[in-house]
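[1] give the three-dimensional model of this entry:
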Amino acid sequence: MTAVVFIHGTGVREPGFSALAGRVAAGLTAARDGLRIVPYYWGGTHGATLAAGGASLPPPPGATGRGPALAETPHHPDAAGPDTDVAAWAALYADPYAELALAAAAAPPAVERPPGRQPPEEPLRTRLTALPAQVALEEGESADGLARAARELAGHPLLGPAADALTPQELATLAGRALTARIIADALDADAPLVPAGDARDALAERLSVALGAPPRGTGRGVRALLARTAGAAASRAALRRRRALTQAAHPAAGDVLRYLSRGAPVRAGLRDLVTGLEPPVVLVGHSLGGIIALDTLVSAPLPAVRLLVTAGSQAPFLYESGSLPTLEHPAPLPAHVPDWLNLYDPRDLLAYLAGPLFPGRVTDVAVDSRQPFPASHSAYWTNPDVYRHIVERLP
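    Okay, here's the model as predicted:
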């Protein structure tokens, strides 16, 4: 029986680790029977902590405005390709109601409605109230998060002006994207270890939009071209608004990296002890810093039971090339006792690097596209079916 040791990355703590390890185990065992999944949770014992309770964090900045103030029509879908789609979703993660603001800006001047005539947004508000009880949620989707997002959208002051500018079906489509963006943005703010890949995100947007009254037609794609063009500005404003939240999210992740690079021997010793107690063949699967830990452990001394190393979104190649990898300094070659190495990277993951050019013939670099912008792309490996397919194809 092949034993697969999963080594998590930076910033992961309980209860997030159990959810992450469970998802990895489910993905691997669904693709191949007879695997033994062994999690290595180093964060609890060896992870960084803020000893002074976060005294070094800066105070929150002053409040700023929300949403782009742009008066261009949002009615023309964009068809420029996947990168534009990713940029538009990045803008929605930064401000889930950016598209709502653009639609409201294109609304005609307000006029007094005849007595007794229902506001055009009222049917959508009614559906938003009932939505959490009507939508079947998939694995990893939060009922509480959906309920909060639906309440917030139902009470949004721009919902009425947007309804004046759009058909009911267009408004439902926009609302489905806004809810999806709010749910994912909240997960990113909470430093969640699992973020849905692009297909799962689009499927959620589709389900929500259809439940709100839109026809089924791929609502996760085709975010407005104007929104894509304003993506950079929206993301920048959101980063300033959430400065303290982003700083807090960087810990313990940044601290884990620094602590490992300065005091990583106990982490490697723990992994070595774990592997020594397993029956071969053993496979090490490491995400982000977990890949660095796995490679360092294998380089430092032979582990004959390990037949395959898998890294996903790992910075190990960059550390090696920059002279920062603890156990191997460029241009020293990869030791002969290091097993076959599969390195998975998302082209949009800014924390993922190539190993093949540094170790010719010893590493296979494989691109996996989650269709998520960074930083969501760094956390979307374990909800991407292609990741499990590539791993299982190479298991001993």
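[2] CA atoms for contacts and neighbours, from now on please.
    Will do.
[3] ok so Leu308 is a helix residue?
    No - Leu308 sits outside any helix when classified using DSSP: H, G, I helix; E, B strand; the rest coil, being strand.
[4] residue contacts, it?
    When contacts are counted by CA atoms under 8 Å, 6 or more residues apart in numbering, Leu308 touches Val282, Val283, Leu284, Pro339, Asp340, Trp341, Leu342, Leu395, Pro396.
[5] do the same with Gly286
    With contacts taken as CA under 8 Å, 6+ apart, Gly286 has the following neighbours: Phe6, Ile7, His8, Gly9, Ile292, Ile293, Ala294, Val310, Thr311, Ala312, Ser314.
[6] just to be sure, it is in a strand?
    Yes - counting by three-state DSSP, Gly286 is found in a strand.
[7] from the contacts of Leu308, list just the buried residues.
    By neighbour count, with 16 or more other CA atoms under 10 Å, those hold Val282, Val283, Leu284, Pro339, Asp340, Trp341, Leu342, Leu395 as buried.
[8] now stretch 18-25: mean pLDDT?
    pLDDT averaged over stretch 18-25 equals 97, rounded to a whole number.
[9] give me the residues contacting it.
    Under the contact criterion CA under 8 Å, 6+ apart, stretch 18-25 has outside partners Phe6, Ile37, Pro39, Pro193, Leu194, Trp382, Thr383.
[10] tell me the pLDDT of the fourth one.
    Read that as Pro193. Confidence at Pro193, expressed as pLDDT, is 87.
[11] sorry, back to before: just checking, which of the contacts of Leu308 belong to strands?
    Val282, Val283, Leu284, Asp340, Trp341, Leu342 (DSSP state E).
[12] and which of those residues is nearest to Thr45?
    Distances from the ones in strands among the contacts of Leu308 to Thr45 were compared by CA to CA; the smallest belongs to Leu284, at 19.6 Å.
[13] any idea how far that closest one lies from Leu100?
    Distance of Leu284 to Leu100, given as CA to CA, to the nearest Å: 45 Å.
[14] quick one: contacts for Leu137?
    Listed by CA under 8 Å, 6+ apart, the contact set of Leu137 reads Ala143.
[15] could you give the backbone dihedrals for it?
    With angles defined as degrees, to the nearest 10, Leu137 shows backbone torsions of phi -90, psi 150.
[16] from Leu35, how far out is it?
    Plainly put, Leu137 is 28 Å away from Leu35 if you go by CA to CA.
[17] with Ser288 instead?
    With distances taken as CA to CA, Ser288 is found 23 Å from Leu35.
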